[in-house]
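A.B. asks: Next comes the sequence, and after it the predicted model I'd like to discuss.
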Amino acid sequence: SQKIEQNSEALNIQEGKTATLTCNYTNYSPAYLQWYRQDPGRGPVFLLLIRENEKEKRKERLKVTFDTTLKQSLFHITASQPADSATYLCALDIRRGTYKYIFGTGTRLKVLA
Amino acid sequence: GAGVSQSPSNKVTEKGKDVELRCDPISGHTALYWYRQRLGQGLEFLIYFQGNSAPDKSGLPSDRFSAERTGESVSTLTIQRTQQEDSAVYLCASSSGPGGTQYFGPGTRLLVL
């Protein structure tokens, strides 16, 4: 069956450093991979989408990579700030080209001032 | 409205009662999703609707759970004979196309006593 893994342990980093979060998947060939941010008590908010034929996507301080050989996506936040503290979720389309996605369990990031 | 709305925002019920949760998606979005998120856990896919196609109900945990959608608008998630393990946040999201961003509502926090 399809499986998505994200670091279940919280990630603590110092302000100004680069945070790197990992999303690994098995038994998939997704066409799209998305990253979302979730704050406590709120619904997830979309951050970035990367397609299977894209190696890297950037948006301001955010960078996502997508390695379909390793079946892995890395999510980077450069010059991290305490306001970046949240849970970050990756999501993949469960069948190529469909609307249906499944989500990883998320990684909690805490940026220390 | 501009975003996905859900009602009620909070619901407390007694074990054995039925509950109905409502989702109003973004106008024009053909895909609508329901997820469940238990405290400290990731998103658990429940059901998704795409246009006039038969819904994908593969994530519904038991026959006590059902959902309907009227055309491409409002959806209702019904939980019959609620159990304490049904306590969670129920999130609704809508999307405009394959690979598209999912826009989430604020969720309904359900507590079954």
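C.D. replies: It's in. Numbering: from 1, shown residues only, chains lettered A, B, ... in the order given.

A.B. asks: Return the set of buried residues in stretch A:75-84.
C.D. replies: Going by neighbour count (16 or more other CB atoms under 10 Å in any protein chain shown), the buried part of stretch A:75-84 is A:75-77, A:80, A:84. C-betas here are computed from N, CA, C, even on glycine.

A.B. asks: can the helix or strand B:Cys92 falls within be found next to chain A?
C.D. replies: For B:Cys92, the host element (DSSP states H and E) is strand B:88-95. Yes. For strand B:88-95, a contact with chain A is found by CB under 8 Å from any CB of the partner chain, at B:91, B:93, B:95.

A.B. asks: how far away is B:Leu111 from A:Ser8?
C.D. replies: Separation of B:Leu111 from A:Ser8 (CB to CB, to the nearest Å) stands at 25 Å.

A.B. asks: For chain B, which residues are neighbours of chain A?
C.D. replies: B:4, B:30-31, B:33, B:35, B:41-43, B:45, B:48, B:50, B:56, B:91, B:93, B:95, B:97-107.

A.B. asks: Buried subset of those residues as a ChimeraX selection?
C.D. replies: Selecting only the buried entries of those in ChimeraX, with 16+ other CB under 10 Å as the criterion:
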select /B:4,30,31,33,35,42,43,45,48,50,56,91,93,95,98,99,100,101,102,103,104,105,106,107
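
A.B. asks: Inside strands: which ones of the residues of chain B next to chain A?
C.D. replies: Those of the residues of chain B next to chain A mapping onto strands are B:31, B:33, B:35, B:43, B:45, B:48, B:50, B:91, B:93, B:95, B:103-104, per DSSP state E.

A.B. asks: of these, closest to chain A?
C.D. replies: Taking CB to the nearest CB as the measure, chain A lies nearest B:Phe104 of these, at 3.2 Å.

A.B. asks: give the contact list for the closest one.
C.D. replies: A:43-45, B:4, B:91-93 (CB atoms under 8 Å, 6 or more residues apart in numbering or on different chains).

A.B. asks: go on, A:His76?
C.D. replies: By CB under 8 Å, 6+ apart, the contact list for A:His76 reads A:18-21, A:62-65.

A.B. asks: which is the next helix or strand following the host helix or strand of it?
C.D. replies: Assigned by DSSP H and E, A:His76 belongs to strand A:72-77. Downstream of strand A:72-77, the first helix or strand assigned by DSSP H and E is strand A:86-93.

A.B. asks: any idea how far that following strand is from the chain center?
C.D. replies: Using CA atoms, centre = their mean, to the nearest Å, the mean C-alpha position of strand A:86-93 is found 5 Å from that of the whole chain.

A.B. asks: Just the angle for that strand relative to strand A:72-77, thanks.
C.D. replies: 150 degrees (axes from the mean of the first three to the mean of the last three CA atoms, to 10 degrees).

A.B. asks: Does strand A:86-93 reach chain B?
C.D. replies: Yes. Using CB under 8 Å from any CB, strand A:86-93 reaches chain B at A:89, A:91, A:93.

A.B. asks: How about the residues of chain A by chain B?
C.D. replies: Near chain B, when you scan chain A using CB under 8 Å from any CB, you find A:31-32, A:34, A:36, A:42-46, A:49, A:51, A:89, A:91, A:93, A:97-106.

A.B. asks: give me that answer again for 7 Å
C.D. replies: A:31-32, A:42-44, A:46, A:49, A:89, A:93, A:97-106 (CB under 7 Å from any CB of the partner chain).

A.B. asks: I'm done for today, thanks for sticking with me.
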